[in-house]
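S.K.: predicted coordinates and the sequence they were generated for:
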Amino acid sequence: MTDRALEGVRVVEFTDEIGAYCGRLLADLGADVVKVEPPGGGVLRRTPPFVERLGEGPDSSLAFTVLNTSKRSIVLDLDHEADRATARSLALNADIVLEDFPPGYLAARDLGFEALAAERPALVYTSVTGFGQSGPHASYAYSDIVGQAMGGVMTLAGDPQDPPNWLYGNQANVSASIQAAQGTLLALLHAEATEQGQRVEVSAQEALSLAQETAMQTWDLQKTNRVRAGGLGMLPFDLPGLGIVECSDGYIGLYVLAPGGADFPVLVDWMREEGGAADLDDEPYATACSSLNMATLTQLMADPSAAQDMGAALPHIKEVVADFFAGRPAREAYEQGQSRNLLVGLVSTPNDLAENTQLRARDWYIELDDGGGSTIEFPGAPYRLSRTPAHIDPAPRLAEHTAELLAEIG
Amino acid sequence: MAPLPLEGLLVADFSWFGVGPIASQTLATFGAEVIRIESEAKIDSLRIVQPFALNEDGSFKSSHNVSGYFNNVNAGKLSMQLNLNTERGQDIGNRIIERSDIFVTNFTPRVIDKWNLRYEQLCEVNPTIIASYAPMQGLDGPHRDFLGFGAVLTPVTGFSHLSGFPHREPFGVGTNYPDYVINPGHSVTAILAALRHRRHTDEGQMIELPQIESVLNALGTALPDYLANGTSQTRTGNRHPAAAPHGAFRCADDTDSVSSPDRWIAIACRENQHWVALCEALGHAEAASDERFATVAARKQHEDALEQLVGEWTRPLPAETVMERLQAAGVPAGVVQHAQDLLERDPHVRERGFYQYLDHAETGRAAYDGPAAQLSATPGRHRSPAPLLGEHTLDVCTRVLGLSMDEVGDLVAEGVLV
């Protein structure tokens, strides 16, 4: 056994947008993942952004790369008998088949679960689709925003004056793939222990619905729907020390009243030290500031009318806090606030992330061969396993391994 | 029925809030025995926040056991009270770790140090343990002790900057989003890979999941685009770079939709044929030949007018009607659903039986999220509802640790089991 956790695991995947990240997670952990692609490649190979230096083309899409590292690529036309037979040979030599076609598509091409499992009972066959394999919507047309809408997260995101918000980054697809990776590995452990394979099925709608936070339980227990509330989140009112604050060059988020960090008076101490506390040491503000803590918050959530007792003090305190941060750079506010144990979060831009002190100090970014004679910097793995670390190799060029794979299956 | 994949494994769950408990719940759902270590002296905040179960008169039930937030992510576990601030408590903790296959925590590095739960310390009592840590920023580095949870992580990882409409402040996505699927899901993926390695080699290992590093892998192309091209993506609302119309469009209000009467339909015309089909399905076939909307590029160029037009078409219609018509025409479309829809009105979710209903001693019958991966031969299930605080302290002490009642009595007297 080497230092790869999934050494020797053979995966054949027929995926495009929904299931590719599942295959990537397995591939980076050491599985041999063969991606069967249609002639010309799938949607992701044509999706921007591209590595500009390489120009637009199937081998330069970053949308493809982020979901397909460490895999091998073979191009097969599943509507042609000879290529279908090749795909069957690959699948019947695999431990895992992973696919994200609409239900029934692969079955109609002799590549469905039943047909393959009949010949290879230990096969794990994972299907990742918008709505799963059964139920009245199983064949519904799907795109990420549809999964996000139907899965209940969009209704929670956005300002009440705007349409519900689509979360960045195709989160329905990502969630489906992450759930599929867990299910696939559970089935693999079972298959290796018992020789019994099975079908693993993930619906993106269900996968993402777990991210409704408390909305499901709020309906179940209290028969009311959580709705989108802009920056207020779960709170029914605006409070100092909570929410987005504008700095001189960006934004930070404050969560000072949430559990886990220092209380509001520590923020006032900081402001005072820097000459920015204004009249917060005078009444009625001083008393209000000292009572801004988790206990008060809990009380206010149980009885929002109590917020009115604190009266006009709260908006004024909020204004003084806003003035304090308005003149400071966001990164500095983040680092200094955190050094005082205040729950402060930088609203990071891609530039902030690329220059992030912590990520750089821990050498998280990697260099990835870009296939054009150069390298690009690339995000490191999601986790660090001390004995079997994930290892990220470049995504394959379209059909890069076709000849090699045809030779392997003879 | 086949034994579940993780049957026979014991998990020492020294975690709280979202990421750790959700990961260990998945392990429990697929057969592991999970001992959740808790303490009334440092209570898991999820036990004391909304939503609470209600009394018959509509008031909140009041106890540590009635939060739907906590209960939904702790089904199928045992709860043991243990005060890790005492030496004796740490000793008992070690005895659980000694018998466990997997250790899960999302405490901060400072707390891990304080309670002597570092990996090398765990290895002294159990050299083959798989130990999964999920610190915010990492177990070392200059931001090691930065505090946070999902709410802080959402802005720090870029989600807030990248999500929402450009004319709004980057207030995030309305939830502590990374806590629920991304981070627990990556954690479990790593744990299962480590389990496979251990089955083949008898070697345990440490897993470190710095939450920031985990989330950045789920951030699409924003970071690679900056690193490779120097392009700084920003939020663009519901629009898609290669599709139009793409967004949420208002439909007729629905007064049966409690506290949320405004209804919306999400539509994604990824291909030209989707647009032509949409026009026809909504009774405006003539619009398909409007030159302003003839191609994706043209529609992107006239996107304001396009969105206004589609919004006018959908506004008088019930969202479900729009969805059914568009889906019948092959256009990706879905109602912007809320929890009432998912639990009670979506016929698809109901037929698939996604939610599991369990009887709980204090909340009564309550819904729990089902496992999102359905395994045909070894389906996951919640064996029991969320435990009451300390419900299994005695059971763990006697059955798992083999302590006598006298020894347990001493521990109680010493204040260790609180």
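M.R.: Here it is on my side, so go on. These numbers come from a predicted model, not from an experiment.
S.K.: please enumerate the strands of the stretch 151-300 of chain B.
M.R.: B:205-208, B:246-250, B:264-268 (DSSP state E, counting those that start in this stretch).
S.K.: cool, the stretch 301-418 of chain B as well?
M.R.: Going by DSSP E, counting those that start in this stretch, the stretch 301-418 of chain B shows strands at B:333-335, B:356-360, B:364-368, B:373-375.
S.K.: deepest-packed of these, please.
M.R.: strand B:333-335 (a mean of 30; mean count of other C-beta atoms under 10 Å in any protein chain shown). All C-beta atoms are positioned from the backbone trio N, CA, C, and that covers glycine.
S.K.: which residues sit against that one?
M.R.: The contact list for strand B:333-335 (C-beta atoms under 8 Å, 6 or more residues apart in numbering or on different chains) reads A:140-141, A:145-147, A:149-150, B:263-268, B:319-320, B:322-323, B:326-327, B:341.
S.K.: run the chain-centre distance for it.
M.R.: 22 Å (C-alpha atoms, centre = their mean, to the nearest Å).
S.K.: parallel or antiparallel, which strands does it pair with?
M.R.: If you go by DSSP bridges, strand B:333-335 pairs up with strand B:264-268 (antiparallel).
S.K.: what mean pLDDT does the partner strand get?
M.R.: Averaging pLDDT along strand B:264-268 gives 98.
S.K.: just stretch B:286-294 next, same as before
M.R.: 96.
S.K.: is the helix or strand of chain A with the lowest mean pLDDT anywhere near chain B?
M.R.: Lowest mean confidence among the helices and strands of chain A (mean pLDDT, DSSP states H and E): helix A:294-302, at a mean of 75. Yes. Helix A:294-302 is in contact with chain B by C-beta under 8 Å from any C-beta of the partner chain, via A:Thr298, A:Met301, A:Ala302.
S.K.: show me the contacts for the last one.
M.R.: The reference is to A:Ala302. Applying C-beta under 8 Å, 6+ apart, the residues near A:Ala302 are B:Phe60.
S.K.: what about the closest residue to B:Leu147 other than its chain neighbours, neighbour count?
M.R.: Closest residue in space to B:Leu147, ignoring its immediate chain neighbours: A:Gly261 at 4.9 Å, by C-beta to C-beta, 6 or more residues apart in numbering or on different chains. If you count neighbours by other C-beta atoms under 10 Å in any protein chain shown, A:Gly261 ends up with 23.
S.K.: how much space separates whichever residue of the stretch 201-350 of chain A sits closest to chain B from A:Tyr142?
M.R.: Residue of the stretch 201-350 of chain A nearest chain B, by C-beta to the nearest C-beta: A:Gln217 (2.8 Å). To A:Tyr142, A:Gln217 is 27 Å away according to C-beta to C-beta, to the nearest Å.
S.K.: same check, this time on B:Leu317
M.R.: 21 Å.
S.K.: more neighbours: which of these two?
M.R.: Neighbours were tallied for B:Leu317 and for A:Tyr142 using other C-beta under 10 Å; the higher tally belongs to A:Tyr142 (28 against 18).
S.K.: give me the nearest residue to the more buried one, chain neighbours excluded.
M.R.: Closest to A:Tyr142 by C-beta to C-beta, 6+ apart is A:Gly130, at 2.9 Å.
S.K.: residues near that neighbour, how many?
M.R.: So A:Gly130, with other C-beta under 10 Å, has 30 neighbours.
S.K.: pretty sure it is touching A:Gln205, no?
M.R.: Yes. A:Gly130 is in contact with A:Gln205 according to C-beta atoms under 8 Å; the separation is 6.6 Å.
S.K.: what sits in contact with each of the two?
M.R.: By C-beta under 8 Å, 6+ apart, the residues touching both A:Gly130 and A:Gln205 are A:Gly147, A:Ala172.
S.K.: the residue in the stretch 51-200 of chain B positioned nearest to chain A and B:Ile43, how far apart?
M.R.: Going by C-beta to the nearest C-beta, chain A is nearest to B:Gly68 of the stretch 51-200 of chain B, at 2.8 Å. With the distance defined as C-beta to C-beta, B:Gly68 ends up 16 Å from B:Ile43.
S.K.: same thing with A:Glu119?
M.R.: 54 Å.
S.K.: so between these two, which is more surrounded?
M.R.: B:Ile43 (15 against 10).
S.K.: ok, B:Val322 - contacts?
M.R.: B:Phe249, B:Cys251, B:Ile265, B:Leu282, B:Thr314, B:Ala333.
S.K.: identify the bridge partners of the residue in the stretch 301-418 of chain B that chain A sits nearest to.
M.R.: Chain A sits closest to B:Ala373 of the stretch 301-418 of chain B, with a gap of 2.6 Å, by C-beta to the nearest C-beta. On the basis of DSSP bridges, B:Ala373 is bridged to A:Val202.
S.K.: A:Arg199 is in contact with that one, correct?
M.R.: No. Applying C-beta under 8 Å, one finds B:Ala373 not in contact with A:Arg199, separated by 10.6 Å.
S.K.: other SSEs contacting the helix or strand harbouring A:Glu192?
M.R.: If you go by DSSP states H and E, A:Glu192 is part of helix A:171-194. Counting contacts by 3 or more C-beta pairs under 8 Å, 6 or more residues apart in numbering or on different chains; DSSP states H and E, helix A:171-194 is packed against helix A:20-28, strand A:96-99, strand A:124-129, helix A:144-150, strand A:198-203, helix A:204-209, helix B:182-201, strand B:373-375.
S.K.: appreciated, that's everything.
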